[in-house]
Structures are given as C-alpha cells and as structure tokens.
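Peer 1: Sequence and predicted structure below; questions after.
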There are 2 protein chains.
Amino acid sequence: MSIILHDLAGADPDLRFSPYCWRTRFALAHKGLPVETVPWRFTETGAIAFSGQGRVPVIRDDGKVVFDSWSIAEYLEEQYPAPTIFGGGTGRAHARFINAWADSVLLGGIARFIVRDLLDVVADKDRDYFRSSREARFGMTLEEVQAGRDARLPAFRETLTPVRLVLRRQAWLGGAAPSYADMIVAGTLMWPRCSSRYPLLADDDPVTAWFGRMLDLYGGLGRAAKTP
Amino acid sequence: MSIILHDLAGADPDLRFSPYCWRTRFALAHKGLPVETVPWRFTETGAIAFSGQGRVPVIRDDGKVVFDSWSIAEYLEEQYPAPTIFGGGTGRAHARFINAWADSVLLGGIARFIVRDLLDVVADKDRDYFRSSREARFGMTLEEVQAGRDARLPAFRETLTPVRLVLRRQAWLGGAAPSYADMIVAGTLMWPRCSSRYPLLADDDPVTAWFGRMLDLYGGLGRAAKTP
C-alpha cells in the first residue's frame, strides 16, 4: 500500500515546489517506498485537519499520520531502516544542523529571490493568503522583497560556501553515498527550481553539478519534476 | 606514551588560542589520550618543518606525524575508535559540513571582532608577521577590520542561528552525547575566549549555556584554559 503524501501544489497541480515536501519525496524514494501524492493548496487547511496542524508535508502510512519533514524523516528511518538516510544516531544528530542551516540561511536567502515569482505559480485561491502572509513576514511588498536581486546574487551564492567546501572532499554531503543531508539541501533547491526561472546557481558552480546528480537519482525524480 | 601536539601559543606560553588546535585538544581529551603540548609561534616554521607544511595543529604519535585538524580527527578516530567522535561514516561526512561552516562562516565572522585584540596577545616576534599577513588578507588595517564591532554584533550573533535551532532539540550537536561537531564549534569559540575580552556571546544565549557545558567537559579542560 502506498504512503499518501499531501504535497503543496500550484495553480498547475503538477507544479510541486515545497522545499519541505521535496525532502520527504527524496527520502521516500531513497527507501524505495511507493508514494501517492495528493495536491494541496495553502488555503486547504481542512484537507489536512486530521493531522492536527495546517502545513505540509503530511504523510499517512497505513493509518499512521506524521507531519513536519524532519519528523517524517525520523519516522521513515525508524519504520523502514534500510537503506538508511541518517547512518545512525550521530549522523542524524549532525543532519539536524544541516537541516537548521537550510531552514534559516538557505530558505531565508532563496526567499528574497523568488517570493514574487511564487505569486505567479500558486493557485488562484491561494494568492491573497500568500501575498498577505509573506508581506507580513517581510514587512514589505513581495515586489520590494525581490527587487534588486541581481545585485544580491553574489552574496547569496557565497552562503553556499560550506556545501562547496564539502563537495571538494566528498561526492555527496552524506559521504560516498547520498544521505538525508543531500535530500535537505537538494529539496530546498527544488523550491526555486519548481517555482521560478531565476538562475540562482551559476552553471560552473560545483553545487550545480552535485544538484544535477541529485536530480538524476531515483529514476530522475527531481529532473522529471515540472518547472515553470 | 603521550601524543605530542604542537599548539599555537601567545607571548604568554600558557595562552593557547588556535581554534584548530582546540578542536584537536577536545578530540584527544574525548578519547582519553594523554597529550603533551609544545608551544609554537607563527614564525617558528622550522619547528614543524618535519610535517612538510607550516601550520598547527601538528601531532606526533609514536613516530607518526599528522597535521590539519580535520585529518587529525580522522586519524584519531581510525587509530583509537572508542569512544567515537564521529559515530560512523555518515556522522563523519555530516561533521564535515559543520567543519566547513565553522571554517567559513564562524571563523570569518569572529575574526572581524578580535583580529586587533589578537595582536596584543601574540608573541613579540610574531607581531609583524601577524599584522602584515592578516592585513593582506582583509585588505585593510587590523584596526579598520575590528572597528565598529558593537554595531555588527547582532548580525554576527544571528549567524549562530543553526546552532541555536539544534540546541532546542538536543543537548549536544552530537545528539545525546558530544561529538566532533561539538568540538568543532566549541574549539572555534575558544579562539575569542582565549585571545580577547570581547563579549561575543550574550549571557542568555543558549549557545553560551552549551559552550559552558563544553568548557566543563574533560575535567574542565576548556574552563581551565588561560584567558587574557
């Protein structure tokens, strides 16, 4: 029986751009677990009310409900240990740092490049919610947040330095094989890829080469994902 | 037989402030390995020429010579597996990200707060080398690098957000027990602690509480270290 994943979608139901849902998609694929995704929009809180909260990803696995991408990763590792995504307790503990870095530095950084573009891909019924909630968060209009992004691009790319330094020494963030660390960062990069045409990464960046390899994993799961 | 550690020292030979040497000190202590430190100054390149390069930490362990804090950590884990500092291959791979983050974001950030203070603690014979090499790196005088640090303090503290997020969920960066991830970040924080009186961390920061626990480990190794 497939695991059900409630997955953020745009006006186009095939456009899936949640960085958190992508972490879950990659983790499910890594473990070879069949998944059935259910498109969900920001304002469809009723559709996931059974989870006791209002954000995706939410999974349903044979009656068990788990939400929050980190909790889902821990659940999957516990329930379906092989192949591992954490490589043990210390690997998991260290992955939490990478998760925290991605959530704060990377997501926060990317938002300033694509948040206005996102408005063009979210479902019509989500547009008012999306604009007002994000403008409240940033304290300015979406247009103002995104303005002047070309000038800010070098500084953003600089924030990827830790990833770049690691990739000088090993093929994957997980070492010789991909781990949840790779899924965290690649999942985060699926957000701009699937919601904007802005070239956030330079073609000759080693991060781009690594991300390309992530896109090709699991039968090209990331590569096949629809982009705007 | 003790492991010999060539350890950066100041004008006061008891002042040990290298963030890289501290990572090694903590790793040696974690594994319960007896160590004999040999004070070393920046300009004493001849004293470590046997290692084939010119920076510390360098360790000598029964005839074997290893340099570079990361390589030393890997060597110690291989040679003296228990108690572990990496918790396996994936733990080690993920720790490399934390190491890269500490080397780029954290060290680079801290330097701008203490680099002029460091000039007051380095050995007299190191002062010219220290000033000219660091001023070449920053493209300005040490005084200019450090100027206006109070105004920049909130932004620096913000860069510790990933550490703070992790410590909300687990006692150590290594999870339930300290790992090399803790040693990386605490070792890095020993640099300002042992070279400057500048209050880089707020008293009520959870990072400060965690760092205090790191200082108390291994018989209070970090706590006992001389400060200016």
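Peer 2: Thanks, I have it. Numbers count the residues shown, from 1 in each chain, chains lettered A, B, ... in the order given.
Peer 1: so what's A:Val38 bridging to?
Peer 2: Using DSSP bridges, the bridge partners assigned to A:Val38 are A:His6.
Peer 1: shouldn't it be in contact with A:Ile4?
Peer 2: Yes - between A:Val38 and A:Ile4 there is a contact at 6.1 Å, judged by Cβ atoms under 8 Å. Quick note: C-beta positions are derived from backbone N, CA and C, even for glycine.
Peer 1: which residues of chain A fall in strands?
Peer 2: A:3-8, A:35-40, A:58-61, A:64-67 (DSSP state E).
Peer 1: what's the distance between the first one and the middle of its chain?
Peer 2: Computed by Cα atoms, centre = their mean, to the nearest Å, the chain-centroid distance of strand A:3-8 equals 13 Å.
Peer 1: can you put the strands of chain A in TSV and add mean pLDDT?
Peer 2: Shown next, in TSV, are the strands of chain A (pLDDT from 0 to 100):
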stretch	mean pLDDT
strand A:3-8	98
strand A:35-40	98
strand A:58-61	98
strand A:64-67	98
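Peer 1: Tell me which other helices or strands the biggest helix by length in chain A touches.
Peer 2: For chain A, the helix reaching the highest residue count under DSSP state H is reported as helix A:206-224. In terms of contacts (3 or more Cβ pairs under 8 Å, 6 or more residues apart in numbering or on different chains; DSSP states H and E), helix A:206-224 is packed against helix A:19-30, helix A:161-167, helix A:180-193.
Peer 1: hang on, A:Arg193 packs against A:Lys226?
Peer 2: No - A:Arg193 is beyond contact range of A:Lys226, at 10.1 Å (criterion: Cβ under 8 Å).
Peer 1: These two: who's more crowded?
Peer 2: Just comparing A:Arg193 and A:Lys226: by other Cβ atoms under 10 Å in any protein chain shown the higher neighbour count belongs to A:Arg193, 22 against 13.
Peer 1: dump the residue contacts of the more buried one.
Peer 2: Taking Cβ atoms under 8 Å, 6 or more residues apart in numbering or on different chains as the criterion, A:Arg193 is in contact with A:Phe17, A:Gly222, A:Ala225, A:Thr227.
Peer 1: Please list only the buried members of those.
Peer 2: For the contacts of A:Arg193, a burial check counting by 16 or more other Cβ atoms under 10 Å in any protein chain shown picks out A:Phe17, A:Gly222, A:Ala225.
Peer 1: Isn't the first one up against A:Gly187?
Peer 2: No - counting by Cβ under 8 Å, A:Phe17 sits too far from A:Gly187 to count as a contact (10.7 Å).
Peer 1: still on that earlier bit, which one of the strands of chain A lies closest to A:Arg137?
Peer 2: With Cβ to Cβ as the measure, strand A:3-8 is the member of the strands of chain A nearest A:Arg137 (16.9 Å).
Peer 1: which residues sit against the closest one?
Peer 2: A:16-18, A:21, A:24-25, A:28, A:33-42, A:47-48, A:56-61.
Peer 1: Quick one: name the residues of chain A near chain B.
Peer 2: Applying Cβ under 8 Å from any Cβ of the partner chain, we find that chain A lies next to chain B at A:84, A:86-98, A:100-101, A:103-105, A:161-163, A:165-166, A:169-170, A:172-176, A:179, A:181.
Peer 1: if we can go back for a sec, mind giving me a markdown table with the helices and strands packed on helix A:206-224 and columns for distance to A:Pro206?
Peer 2: Formatted as a markdown table, the helices and strands packed on helix A:206-224 follow (distance: least, Cβ to Cβ, whole Å):
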| stretch | distance to A:Pro206 |
| --- | --- |
| helix A:19-30 | 20 |
| helix A:161-167 | 5 |
| helix A:180-193 | 13 |
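Peer 1: Reformat the ones you listed into a markdown table and put mean pLDDT next to each item.
Peer 2: Shown next, in a markdown table, are these (pLDDT from 0 to 100):
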| stretch | mean pLDDT |
| --- | --- |
| helix A:19-30 | 98 |
| helix A:161-167 | 98 |
| helix A:180-193 | 98 |
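Peer 1: wait, what's in contact with the closest residue to A:Ala186 other than its chain neighbours?
Peer 2: Spatial nearest neighbour of A:Ala186, chain neighbours left out: A:Met214 (3.9 Å); criterion: Cβ to Cβ, 6 or more residues apart in numbering or on different chains. A:Met214 is in contact with A:Phe26, A:Pro178, A:Asp182, A:Ala186, A:Gly222, counting by Cβ under 8 Å, 6+ apart.
Peer 1: And the last one, how far from B:Asp150?
Peer 2: I take that to be A:Gly222. 45 Å (Cβ to Cβ, to the nearest Å).
Peer 1: ok, how many other residues are close to the residue nearest to A:Pro19 when sequence neighbours are not counted?
Peer 2: Using Cβ to Cβ, 6+ apart and skipping residues adjacent in sequence, the residue nearest A:Pro19 is A:Trp191, 3.9 Å away. Residues near A:Trp191, counting by other Cβ under 10 Å, number 23.
Peer 1: pLDDT below threshold where in chain A?
Peer 2: With pLDDT under 70 as the threshold, chain A has no low-confidence stretch at all.
Peer 1: Would you confirm that A:Ser51 contacts A:Phe67?
Peer 2: Yes - using Cβ under 8 Å, A:Ser51 is in contact with A:Phe67, at 4.7 Å.
Peer 1: list residues touching both of the two?
Peer 2: Common contact partners of A:Ser51 and A:Phe67 (Cβ under 8 Å, 6+ apart): A:Val58.
Peer 1: ok, A:Asp62 touching A:Met1?
Peer 2: Yes - if you go by Cβ under 8 Å, A:Asp62 and A:Met1 touch, sitting 6.2 Å apart.
Peer 1: Next one: A:Ser132 from B:Asp103, what distance?
Peer 2: Using Cβ to Cβ, one gets 41 Å for the distance from A:Ser132 to B:Asp103.
Peer 1: Looking at these two, which one has more neighbours?
Peer 2: Remark: of A:Ser132 and B:Asp103, B:Asp103 carries more neighbours, 19 against 10, as counted by other Cβ under 10 Å.
Peer 1: any idea how far the more buried one lies from A:Asp7?
Peer 2: Counting by Cβ to Cβ - B:Asp103 and A:Asp7 are separated by 37 Å.
Peer 1: cool, and A:Leu165?
Peer 2: Relative to A:Asp7, A:Leu165 is positioned 32 Å away (Cβ to Cβ).
Peer 1: of these two, who's got more company?
Peer 2: Ranked by neighbour count (other Cβ under 10 Å), A:Leu165 and A:Asp7 place A:Asp7 first, with 24 against 17.
Peer 1: what's stretch A:17-26 in contact with?
Peer 2: Here stretch A:17-26 has contacts from A:5, A:7-8, A:10, A:16, A:35, A:37, A:55-57, A:59, A:68-69, A:72-73, A:102, A:107, A:118, A:121, A:180, A:182-184, A:186-191, A:193-195, A:214, A:217-218, A:221-222, using Cβ under 8 Å, 6+ apart.
Peer 1: again, only using 6 Å
Peer 2: A:7-8, A:56-57, A:69, A:72, A:183-184, A:187-188, A:190-191, A:194-195 (Cβ atoms under 6 Å, 6 or more residues apart in numbering or on different chains).
Peer 1: Noted, bye for now.
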